[in-house]
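Q: Predicted model and sequence below, questions to follow.
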Amino acid sequence: MAFENNALAAASFLNAYATGQAQKAAAINQETGFLLQAADSVALADVRAQFSEQYANIQAGRMLKRAEIEARNYEIAGNTLLSNMRKTNAAIRARAAASGVVVGEGSFQAVQQQNVQQTMFDVGIADLNALTARVLGFEDATAMIQSTELQNTLDRFAAKRQAGQYSQAASAARRQGGLLETAALVQGGIDAYKAYKGK
């Protein structure tokens, strides 16, 4: 009977030891999973940030290019206005000369001055529009890049915070595994003692 009690006590303790080791292994496995999730969340945030920065830079470049094209179109329009003004004034002078009228006087001079005044006003507006297009294009591109940088900073912060939560969960899993292992060993010791005593 004593041999059986000793064998039963040893078996009970070995079973408790195996259960404790299984609890410890499960806790380590869970801890490892949490730590991997922590590392992955930070790495994923970095990768997303890199791609969003590249995309923002491409989009900002397109905005600047569009703004430059728009500004050049306004400059071309202004140059076209000046060219048309020269042609119109040349035609006015030619008609005046052909009619025997003095070019620098009278209604021909007034028409020519009115043409120059209106054209210069329109050219000034075209120049202002060209400058506005460049400024707004630059502001839009800058705002896009700044917005992307801010969003990336927030995303990285959130990922680090989440990684911290995963790290805390990993530590808790490890502690819980140690407690469960100790509890299994204590219970195994009690069961072994009872078996040894024959109860």
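A: Sure thing, it's come through.
Q: A49: how many residues sit nearby?
A: Neighbourhood size, A49 [other CB atoms under 10 Å]: 18. For the C-beta atoms, the positions are set from N, CA and C on the backbone; glycine is no exception.
Q: That one contacts L154, doesn't it?
A: No. If you go by CB atoms under 8 Å, A49 and L154 don't touch, sitting 10.1 Å apart.
Q: Run through this structure and note the low-pLDDT ranges.
A: Residue ranges of the chain with pLDDT under 70: 1-6, 103-104, 196, 198-199.
Q: Select the longest helix from it.
A: What stands out as the longest helix in the chain, according to DSSP state H, is helix 2-98.
Q: Would you mind pulling up the elements that the helix or strand following that one packs against?
A: Under the assignment DSSP states H and E, the closest C-terminal helix or strand after helix 2-98 is helix 106-197. Secondary-structure packing of helix 106-197 (3 or more CB pairs under 8 Å, 6 or more residues apart in numbering; DSSP states H and E): helix 2-98.
Q: so how far is D140 from L128?
A: Per CB to CB, to the nearest Å, L128 is found 18 Å from D140.
Q: So between these two, which is more surrounded?
A: D140 (16 against 12).
Q: Please verify my assumption that that one contacts R62.
A: No. Using CB under 8 Å, D140 is not in contact with R62, being 10.3 Å away.
Q: With T153 as the reference, measure out to I69.
A: 32 Å.
Q: and what of N29?
A: Separation of N29 from T153 (CB to CB) stands at 34 Å.
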